[in-house]
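> have a look at this fold, sequence not included:
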């Protein structure tokens, strides 16, 4: 066991993947000498060479399209998209090619790409550096979409993503890059299995990535108030581990779903529907969503009014508990 | 002679002129439309080994792929295919380039390269699966060295570039060939592919068939100067070749292959040709094509000039021509039979191969739909019993 930050845990996972499989190559902008703008790939080009850790021209579609060609040739490319808001030029290659080639070729061509995307807000950044575009990709069949919330998960899951024969979008909660935790390199668990982070009996909060820490804080605050909250970290956003969520909601009867991404058409809607379908007679209240508002990501001095925080999570908890809440002004009556 | 491969990026005062008035670089041509060999000291050596008999074999390919193309259009008109993108007029560009490749080279094409696929050894019915709607791809790319054609315009050029870089990393001298059209050269992906290919010295060929049309849009909307002139700006040597001259196409492709195998990086070939048919069987070129322009190009037919030449040198006799035509008819017959014999996929195949590894979401939907189908089957069965 080693104590690592989440960013170093991803870096050590990449290092292990490069060591374990010589078909693994890393492609990205500024990932060589600089080690990436977040230093995730620090030292990898020095140790594995510029043939395996390749700085790319500034063209995201080009990076992903090149990775498709490398995968055709039997490589296992790991692509770094520098920031969430810069993935859109690559959207066509990801959605029309990466996601569909295995299906299109009836299994003849595998696309074991991993596409790393630092995502989410809360770092006071300028536009295009704080977005949560995961729902675009969860809506696309053929992709797997995962995210992590702890250094342990970050390390294990990046290696699982690279080893996976399907394309994986690996979303990294950038404001949690500096979170520290113990990492066991030998730890293993199914990449698509959700994790019960905090056990509880009154309300289930389902979330992922950067908001897991917020949900843990919310559970602690609610405990002071005599409420027992179960926190579930989804880990995998596509496919969803609905069984774990269902088991929890069958106990609590109350569900809150939290994500930074805009609410409309987001994962919260999918989870609320699926769980309502499975647990209709166990629900004591309609599932509640806590999400980014349906506005473009705002200027950083406004982001605290966009991002779900502990208070908005507790406000949603109050709603599913049928309590009046001064914060929202919402009344159960 | 301006057909010479050039990697300088000279500026030309004529660039500011209208394209019609500006001087155009000459086309590399080794066999003119009358079937006469055009002397060319630089490029003749690349096809010096092509004997009369070998040229006759290329001629047979040209005849066969045209015959197959006509047959496929007929199959579409008869309701056996949903759609077909004819290659009429582009036979020499495709056969001349594809016949120069080795089995270990890898082609990334667009959807009109059916003659390339034929030359790569794709089975006849496999050419039609996509167009009959029984599958999203026709063949296993690894069995023929040709990727599933890209319908998204230009996307495949990046795949070719990545594959070529993979060849470099693997230390092999295989070459990737990207086929695309004049319309694709406006796509970002094609331009990005050229940038990456130049930077990484990717062993690849950008093979642009400039057939003058992107559905209804003339090439002038994509390019105000000959397309081949763009590549040197990316650091990629380029050549304009008469795309209706199978020998010139072969010579240019061989030169590009030599460069790639020698570690000299990518080459851009603009094969200037003409789309004699519609974009697809759903298109109506009468709304936008000038019949006089089409007639001019008909006079430059890629088959007629080879036939004239082969007759001139005494290789093609009436007897041989008849036997080639008979062979083309025989292949077309098998093509047609293969088409109508293509089986429809089974309903649950809709869920196959979405993922390479087990996926709980797809597994759930598959089992639910299987149960649903079974319930319908049961109901119908019960209905029959009653």
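Yes, it's here. Values in this document were obtained by computation on a predicted structure and should not be read as measured data.
> okay, CA-based contacts and neighbour counts for the rest of this
Fine.
> okay, the residue most central in space within chain A: pLDDT?
Geometric centre of chain A, nearest residue: residue A:147, 2.6 Å, by Cα atoms, centre = their mean. According to the prediction, residue A:147 has pLDDT 98.
> now for it: which residues touch it?
A:154, A:170, A:171, A:172, A:173, A:208, A:209, A:235, A:236, A:237 (Cα atoms under 8 Å, 6 or more residues apart in numbering or on different chains).
> excluding its backbone neighbours, what's nearest it?
Spatial nearest neighbour of residue A:147, chain neighbours left out: residue A:171 (4.7 Å); criterion: Cα to Cα, 6 or more residues apart in numbering or on different chains.
> just residue A:85 next, same as before
Per Cα to Cα, 6+ apart, closest to residue A:85 is residue A:128, 4.2 Å.
> correct me if wrong: that neighbour contacts residue A:87.
No. Residue A:128 lies out of contact with residue A:87 (Cα atoms under 8 Å); the separation is 9.7 Å.
> which one's more surrounded, these two?
A direct count of neighbours by other Cα atoms under 10 Å in any protein chain shown for residue A:128 and residue A:87 places residue A:87 higher, at 20 against 17.
> now the helices for chain B?
B:52-77, B:91-98, B:114-120, B:129-132, B:141-144, B:155-170, B:188-200, B:246-261, B:291-298, B:302-312, B:318-341, B:360-385 (DSSP state H).
> gap between the residue nearest the centre of chain B and residue B:91?
Centroid-nearest residue in chain B, with Cα atoms, centre = their mean: residue B:113, separated by 2.7 Å. Distance of residue B:113 to residue B:91, computed by Cα to Cα, to the nearest Å: 9 Å.
> so who does residue A:260 touch?
A:120, A:121, A:132, A:211, A:291, A:292, A:307, A:308.
> ok, of the residues you listed, which one's closest to chain B?
Chain B lies nearest to residue A:132 out of the contacts of residue A:260, by Cα to the nearest Cα, at 22.4 Å.
> ok, and the closest non-adjacent residue to residue A:312?
Spatially, and ignoring its direct neighbours in sequence, residue A:312 is nearest to residue A:290 (6.9 Å; Cα to Cα, 6+ apart).
> which SSE is that neighbour in?
strand A:288-292 (DSSP states H and E).
> returning to what we had before: the host helix or strand of the residue nearest to residue A:147 - what's its average pLDDT?
For residue A:171, the element it lies in under DSSP H and E is strand A:168-173. Strand A:168-173 carries an average pLDDT of 98.
> so what strands line up beside it?
strand A:114-119 (parallel), strand A:144-147 (parallel) (DSSP bridges).
> show me what that strand is in contact with.
Residues contacting strand A:168-173 (Cα under 8 Å, 6+ apart): A:112-120, A:134, A:137, A:143-149, A:158, A:161-162, A:209-210.
> and for stretch A:51-67?
A:24-32, A:44-45, A:77-79, A:81, A:86-87, A:89-94, A:113, B:155-156, B:158-163, B:169, B:189, B:192-193, B:195-196.
> now, of the residues you listed, which are buried?
A:24-32, A:44-45, A:77-79, A:81, A:86-87, A:89-94, A:113, B:155-156, B:158-163, B:189, B:192-193, B:195-196 (16 or more other Cα atoms under 10 Å in any protein chain shown).
> for chain A, what lies in contact range of chain B?
Neighbours of chain B within chain A, by Cα under 8 Å from any Cα of the partner chain: A:51, A:57, A:59, A:61-62, A:65-73, A:75, A:93, A:96, A:100, A:102-110, A:141-143, A:164-166, A:239-240.
> just the buried residues from those, in ChimeraX please.
Here is the ChimeraX selection string for the buried members of those, based on 16+ other Cα under 10 Å:
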select /A:57,59,61,62,65,66,67,68,69,70,71,72,73,75,93,96,100,102,103,104,105,106,107,108,109,110,141,142,143,164,165,166,239,240
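> show me the shaky parts of chain A.
For chain A, residues meeting the criterion pLDDT under 70 lie at A:325-333.
> give me the domain ranges for it.
Annotated domains of chain A cover A:2-183, A:195-320 [automatic domain parsing].
> winner for burial among those domains?
Across those, the average number of neighbours (mean count of other Cα atoms under 10 Å in any protein chain shown) peaks for domain A:2-183, which reaches a mean of 22.
> from one end of it to the other, what's the distance?
Across domain A:2-183, first to last residue, Cα to Cα, it's 5 Å.
> which residue comes closest to residue B:215 once chain neighbours are left out?
Residue B:215 sits nearest to residue B:279 (Cα to Cα, 6+ apart), 5.2 Å away.
> give me every residue that touches that neighbour.
Residue B:279 neighbours (Cα under 8 Å, 6+ apart): B:85, B:86, B:214, B:215, B:285.
> around residue B:322, how many other residues sit close by?
So residue B:322, with other Cα under 10 Å, has 12 neighbours.
> ok, now residue B:267?
Neighbour number of residue B:267 under other Cα under 10 Å is 33.
> hang on, the earlier thing: what's opposite the residue nearest to residue A:147 in the beta bridge?
Following DSSP bridges, residue A:171 is listed with bridge partners residue A:117, residue A:147.
> how near is it to residue A:138?
Residue A:171 is 12 Å from residue A:138, by Cα to Cα.
> what does residue A:13 give?
Counting by Cα to Cα - residue A:13 and residue A:138 are separated by 24 Å.
> go on, residue B:300?
52 Å.
> now swap in residue A:309 and tell me
Counting by Cα to Cα - residue A:309 and residue A:138 are separated by 24 Å.
> distance from the chain centre to stretch A:219-232, please.
23 Å (Cα atoms, centre = their mean, to the nearest Å).
> to clarify, my last question referred to stretch A:33-44.
21 Å.
> which residues sit against it?
Contacts of stretch A:33-44 (Cα under 8 Å, 6+ apart): A:7-8, A:10-11, A:14-15, A:29-32, A:45-46, A:53, A:82.
> try 7 Å
By Cα atoms under 7 Å, 6 or more residues apart in numbering or on different chains, the residues outside stretch A:33-44 that reach it are A:7, A:8, A:10, A:11, A:15, A:30, A:31, A:53.
> for the second one, helix, strand, or coil?
If I follow you right, that is residue A:8. Here residue A:8 takes the helix state, with states given by DSSP: H, G, I helix; E, B strand; the rest coil.
> now do the contacts for residue 303.
As the question left the chain open, I've gone with chain A. residue A:122.
> the chain in question should be chain B.
So residue B:303 contacts residue B:62 (Cα under 7 Å, 6+ apart).
> residue B:280 versus that one, what's the distance?
Residue B:303 is 22 Å from residue B:280, by Cα to Cα.
> one more: residue B:98?
22 Å.
> out of these two, which sits in the more crowded spot?
Taking neighbours as other Cα under 10 Å, residue B:98 and residue B:280 compare with residue B:98 leading, 23 against 16.
> can you pull the contacts of residue A:259?
Counting by Cα under 7 Å, 6+ apart, residue A:259 has contacts A:207, A:211, A:290, A:291.
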